[in-house]
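**Q** A structural model of the following input is requested.
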Amino acid sequence: MRRFAFLAAALAMASPAHAEIDRAAAARSLAEAADLCGGGKALWKVSLCGPMLIADPQTRQVVANRAGPGLTRDGEVFAGTLPADIPIANTAVDWNGTRWIMVMDGALGGDAFDRAALMMHESWHRAQVRLGFPMLSPDIPYLATTMGRSMVRLEWRALATALTAEDETLRLRAIADALAFRQFRRWTETGAESERQLEMNEGLAEYTGQRMSGRPDVEAHVAAILARMEKGDSFSRSFAYGTGPAYGLLLDRYAPHWRDRLKASDDLGVLLERALGAKRLGGHVDITAAETRYGGEAIFDEEHTLQVTREQAQATWKAALVDGPVLRLPFSKMNFSFDPNQVFPMPGLGTVYPSARISDAWGVLDVGGGGALIDSGFGGVSVAAPQAGTTSGRGWRLELAPGWRMVAGARPGDMTVEKAAPGP
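**A** Residues are numbered from 1 along each chain as shown. This next block holds a predicted model:
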């Protein structure tokens, strides 16, 4: 089964000089999670408590809240090293038959509210399948276009206004505007179902994290997150981290029991629209007037300029990962972790992950800026071909599993891997 892990910060290549995890700090974080996770019953009618790992992606050291394979007790916690084939990320991961909550050590800085939100976000991921929400995380290429990005930014601005407005009339108009931008984008582009799926995965997880963080000004905080997200390089995998908590908090205000009947097939925007009704939302929204209210002209100008940069980047990635010689690694039981703020869709070709850690039967591929292209059907990954006789290239390194070797690929200069035939 393919498993996806999403990082809150970019991955880095391994560094043996990296310091050990501060076990006292890790123990405090695990204790904070233990105090919070039972509150999941109030939101989802189940506790979000479970086995939790705090992991260092560079040394692969882990500190855990319970015993596990190769973990030894150290006071109130357990410590050890994670096997190379287990991706390290902020995620939920299966390890030796147990479903673990995993949080990266470096992501636990900042204040207690941020730590709580992250740990409860990942705790929800561990429980989500049991709650009836599959882990679906599709690529959404049109969110890398000028129109797609512009309409998402307008929706975010309207949602931020709705979350912070003290006047009810202004709040309702902002909600109507947000829904109008959302509907217009999904009407003019293809991929509305992919948006919905990602929102019901990462969006619900982030809503849960923010709600359970204990932050007293959570609505204003989410509004500030939406403003920061506008500056992101990529929305294709990250947009739901903003819309999910925004719509969830607004549903808490206008339909407090919305989670009780929530299904994986639902759409958060549709639920909010139904909860308020057409009369309260004021009927038809003039999309042109709404764009003006949120600085639409400036947004479109900025995105047109950025499109030139994106086209240049696409040409560079295509030259390196499609036209030029590549090493292609096929998938059979792939796991990978990556930064959702970096992904670069290449329509018709797949998606580029500038940084990632990918494992499969053939071993572990670490990509630290050199870029890896995963094809549209998730059949395999390509990196720029290595120099002869090596298993590394510019910005990537491959650790082959025992019994595997590199061989010539389909085109001159291409490489691939195969399992060596057993000896006599």
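**Q** how close does residue 264 sit to residue 272?
**A** Here residue 264 is placed at a distance of 17 Å from residue 272 (CB to CB, to the nearest Å). Every residue, glycine included, has its C-beta placed from N, CA and C.
**Q** same question, residue 359
**A** Counting by CB to CB - residue 359 and residue 272 are separated by 39 Å.
**Q** Which one's more surrounded, residue 264 and residue 272?
**A** Regarding residue 264 and residue 272, a neighbour count based on other CB atoms under 10 Å identifies residue 272 as having more, with 23 against 15.
**Q** need the contact list for that one.
**A** 175, 179, 247, 250-251, 254-255 (CB atoms under 8 Å, 6 or more residues apart in numbering).
**Q** Repeat the analysis, applying 10 Å as the threshold.
**A** Residue 272 makes contact with 162, 175, 178-179, 246-248, 250-251, 253-255, 258, 281, according to CB atoms under 10 Å, 6 or more residues apart in numbering.
**Q** same thing with residue 322?
**A** The neighbours of residue 322, taking CB under 10 Å, 6+ apart as the test, are 346, 349-350, 352, 373, 375, 382.
**Q** how does it look with 6 Å?
**A** By CB atoms under 6 Å, 6 or more residues apart in numbering, the contact set of residue 322 is empty.
**Q** same thing with the one 10 residues further on?
**A** In this structure, residue 332 makes contact with residue 361, judged by CB under 6 Å, 6+ apart.
**Q** give me that answer again for 8 Å
**A** Residues in contact with residue 332, defined by CB under 8 Å, 6+ apart, are 360-361.
**Q** Backbone dihedrals for it, please?
**A** phi -130, psi -40 (degrees, to the nearest 10).
**Q** circling back: which one among the contacts of residue 272 gets closest to residue 369?
**A** Of all the contacts of residue 272, residue 246 has the smallest distance to residue 369: 31.8 Å, by CB to CB.
**Q** ok, the closest one touching residue 163?
**A** Yes - if you go by CB atoms under 8 Å, residue 246 and residue 163 touch, sitting 6.2 Å apart.
**Q** Now, the contacts of residue 272 that are in helices?
**A** Among these, the members found in helices (DSSP state H) are 162, 175, 178-179, 246-248, 250-251, 253-254, 281.
**Q** What is the nearest of these to residue 30?
**A** Lowest distance from residue 30 to the ones in helices among the contacts of residue 272 (CB to CB) belongs to residue 248, with 26.1 Å.
**Q** my guess is the closest one meets residue 207, correct?
**A** Yes - between residue 248 and residue 207 there is a contact at 3.4 Å, judged by CB under 8 Å.
**Q** Domain map for this structure?
**A** Domain ranges of the chain: 3-131, 141-294, 311-419, per automatic domain parsing.
**Q** For residue 303, which of those is the nearest?
**A** Counting by CB to CB, residue 303 lies closest to domain 141-294 out of the domains of the chain; the figure is 4.5 Å.
**Q** Return, as residue ranges, the portions of this structure with sub-threshold pLDDT.
**A** Applying pLDDT under 70 to the chain flags the ranges 1-19, 422-424.
**Q** where exactly do the helices run in it?
**A** Using DSSP H, helices in the chain cover 23-37, 40-44, 112-131, 146-164, 168-188, 192-198, 204-212, 218-229, 240-254, 268-281, 287-293, 296-318.
**Q** so can I have a markdown table of the ones you listed showing distance to residue 98?
**A** Below are these laid out as a markdown table (distance: least, CB to CB, whole Å):
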| stretch | distance to residue 98 |
| --- | --- |
| helix 23-37 | 16 |
| helix 40-44 | 19 |
| helix 112-131 | 10 |
| helix 146-164 | 37 |
| helix 168-188 | 39 |
| helix 192-198 | 27 |
| helix 204-212 | 20 |
| helix 218-229 | 32 |
| helix 240-254 | 27 |
| helix 268-281 | 31 |
| helix 287-293 | 49 |
| helix 296-318 | 38 |
